[in-house]
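J.: The following block contains a protein sequence and its predicted model.
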Amino acid sequence: MGVGWNVTPCGDIYNPPSRSNVSIFAIIEIVIMGVVAILSLIELVDYINGDKDCSGMIKALVFIDDIAIVIAGVYVIIGLFFLGGSKTRIGILCFIFAGILSMVILVLQINEGVGDELLYSIFKFIIYLFLTFILWKQYSRI
């Protein structure tokens, strides 16, 4: 099999990270997924402990988004290293759902003029968009 156009010096960007595909790009992708999942888990713990108010539609959507990201992170990591393709596919689909939901949250926050969390939401959306794009491209090779 020949070398494809998607192979960079950092590795094949369309091959999902695994024990056999440990490239710089795969490591960066796993680290970003882990950081996003940990931040979402911290937000979930804050919501559950009552440190953050979960009233209102936007807050409820953020809560659902955080749950989807944590589930996606767990499924992707477990699927990539232990159980195989079906769990990884579920995790990727959860990341895609969370990315779409993040876009909806961002539009609602812009519409309502929520300024204090808007910059954080824009940053989260950009990260989710990056992960969603890369994971969607890798979905066909699982």
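T.: Nice, thanks for sending it over.
J.: pretty sure Val74 contacts Gly91?
T.: Yes - using Cβ atoms under 8 Å, Val74 is in contact with Gly91, at 7.3 Å. C-beta: built from backbone N, CA, C; applies to glycine.
J.: So which of those two has more stuff around it?
T.: Gly91 (23 against 16; other Cβ atoms under 10 Å).
J.: Now the host helix or strand of that one: buried residues?
T.: Using DSSP states H and E, Gly91 sits within helix 85-112. Buried residues in helix 85-112, counted by 16 or more other Cβ atoms under 10 Å: 87-99, 101-102, 105-106, 108-109.
J.: Find the residue ranges of this protein scoring beneath the pLDDT cut-off.
T.: Residue ranges of the chain with pLDDT under 70: 1-12, 18-21, 51-55, 83-84, 114-116.
J.: Quick one: the strands in it, in order.
T.: 7-8, 11-12 (DSSP state E).
J.: Quick one: residues contacting the residue sitting nearest the centre point of the chain.
T.: Among the residues of the chain, the one closest to the centroid is Phe95, at 4.5 Å (Cα atoms, centre = their mean). By Cβ atoms under 8 Å, 6 or more residues apart in numbering, the contact set of Phe95 is Met33, Ala68, Ile69, Ala72, Val76, Tyr128, Leu131, Thr132, Leu135.
J.: Great, nothing more from me.
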